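Enquirer: my questions are about this predicted structure, shown below with the sequence.
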Amino acid sequence: MASLPKFSTILTWTLYFIPVYIFILEPLLRDSFPGLQAGYPDSTSLFDSSDAPGPGINLTDDSFISPEDGVPFTCPGSEGYQVHLLSREPLVMYIENFVSEAEANHILDKSVNKYTPSIVYDGQTERIDPSKRLSDRALLDRDDTIRCLEDRARAFQGWHPDLYIERMWAQRYNASGHYRHHYDWAGSLARGGDRFSTFMVYLEADCEGGGTNFPRLKMPAGKEWCRFLECERSGKGKEMGITFKPIKGNAVFWENLRPDGTGYPETWHAAFPVTRGKKVGLNIWSWYQPKRRNRGR
Ligand SMILES: *[C@@H]1O[C@H](CO)[C@@H](O)[C@H](O)[C@H]1NC(C)=O
Ligand SMILES: *[C@@H]1O[C@H](CO)[C@@H](O)[C@H](O)[C@H]1NC(C)=O
């Protein structure tokens, strides 16, 4: 007669299973189904570090932040952009004509001789890793056009006093250029600041491929979105989430952090490979650092 396993045997096997789950099954599941991962990022996540912020960022360092220094500037371009709400939580908005044709061309001209290979930051070190990110980047001088964009980005976000605009970089993707899924936030608010929001602006989009993919965002219902989103390639058995088409002058804006300072897992995104031609993007990142409250009052 078959007997039931002893309680101590079940206990032993249960104890064996726990490390197997933690170290083998769970990471396997997580890597296989990143879109299903509900929790927080881990060592597989990349942080888009641009110029070595990492945790413990110095928000008074003007080689990294664009302070409001009172330097006068004039804005020739119009601000005739149109905003379309895509998601309330996290906040995602699509902005048509965020930069004018003239502004985009000016930035492209100014950046052309400044490109160096882009880097990735994996939580410990910064390095060039073409399997994760293949593009070139150029730090942009704070001329009138860039100062106008800083101003526009501040105004768009309601002139929030605790936001600091990061120095802007153009990112150039040739054919086969790409950036694997990553977050723009680092979970470092407690250590001095984190990237509150991102404007992903398309400066040049003379390309095929190169869409900006968010696997955890849902396709909005209106078919009007097919002007800006890949509708044919989304849906069951196709690409996960939504993919923005690169369109010159337009931008995707999203908030990376919840009100409590934790990052939104839904902001996990990638630059799909450019298959033909060239794409140039512009990141406008706003860092958030709450002011210290004066306890004496
Ligand atoms: C931050 O950067 C400024 C300007 O470069 C520098 O004077 C200051 O010492 C830095 N602070 C820290 C904590 O590194
Ligand atoms: C992209 O193309 C430019 C111009 O042809 C070249 O100098 C640069 O090295 C290329 N970058 C990458 C990452 O392939």
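Expert: Here it is on my side, so go on. Ligands and ions are numbered 1, 2, ... in the order given.
Enquirer: what about Leu163, how many neighbours?
Expert: Neighbour count for Leu163, taken as other Cβ atoms under 10 Å: 17. From N, CA and C alone the C-beta is placed, and that goes for glycine too.
Enquirer: where does it land on pLDDT?
Expert: At Leu163, the model reports a pLDDT of 92.
Enquirer: correct me, but it touches Phe196?
Expert: Yes. Taking Cβ atoms under 8 Å as the definition, Leu163 is a contact partner of Phe196 at 6.0 Å.
Enquirer: who touches both of those two?
Expert: Common contacts of Leu163 and Phe196, defined by Cβ atoms under 8 Å, 6 or more residues apart in numbering, comprise 286-288.
Enquirer: near ligand 1, which residues of the stretch 51-200 of the chain are found?
Expert: Residues of the stretch 51-200 of the chain lying close to ligand 1 (Cβ under 6 Å from any ligand atom) are 58, 60-61.
Enquirer: and ligand 2, which of those reach it?
Expert: Restricting these to those near ligand 2 - Cβ under 6 Å from any ligand atom - leaves none.
Enquirer: looking at the residues you listed, spot the one nearest Pro67.
Expert: Thr60 (7.6 Å; Cβ to Cβ).
Enquirer: for the closest one, list the residues it contacts.
Expert: Pro67.
Enquirer: what does it show for phi and psi?
Expert: Backbone geometry at Thr60, expressed as degrees, to the nearest 10, gives phi -110, psi 0.
Enquirer: for the stretch 101-250 of the chain, which segments are assigned as helices?
Expert: For the stretch 101-250 of the chain, applying DSSP state H, counting those that start in this stretch gives helices covering 101-111, 144-156.
Enquirer: what's the closest of the ones you listed to ligand 2?
Expert: Ligand 2 lies closest, by Cβ to the nearest ligand atom, to one member of the helices of the stretch 101-250 of the chain: helix 101-111, at 12.2 Å.
Enquirer: distance check, the residue in the chain positioned nearest to ligand 2 against ligand 1.
Expert: Closest approach between the chain and ligand 2, counting by Cβ to the nearest ligand atom: Asn174, at 3.7 Å. Separation of Asn174 from ligand 1 (Cβ to the nearest ligand atom, to the nearest Å): 34 Å.
Enquirer: what is the lowest-pLDDT residue among the residues of the stretch 51-200 of the chain next to ligand 1?
Expert: The model is least sure about Asn58 among these, giving it 74.
Enquirer: was I right to think that one contacts Pro67?
Expert: No. The criterion here is Cβ under 8 Å, and Asn58 misses it with Pro67 at 11.8 Å.
Enquirer: give me every residue in the stretch 101-250 of the chain lying close to ligand 2.
Expert: Listed as neighbours of ligand 2 in the stretch 101-250 of the chain under the rule Cβ under 6 Å from any ligand atom: 134-136, 174, 177.
Enquirer: between the residues you listed, which has the most around it?
Expert: Gly177 (23 neighbours).
Enquirer: measure that one to ligand 1 for me?
Expert: Going from Gly177 to ligand 1 by Cβ to the nearest ligand atom gives 32 Å.
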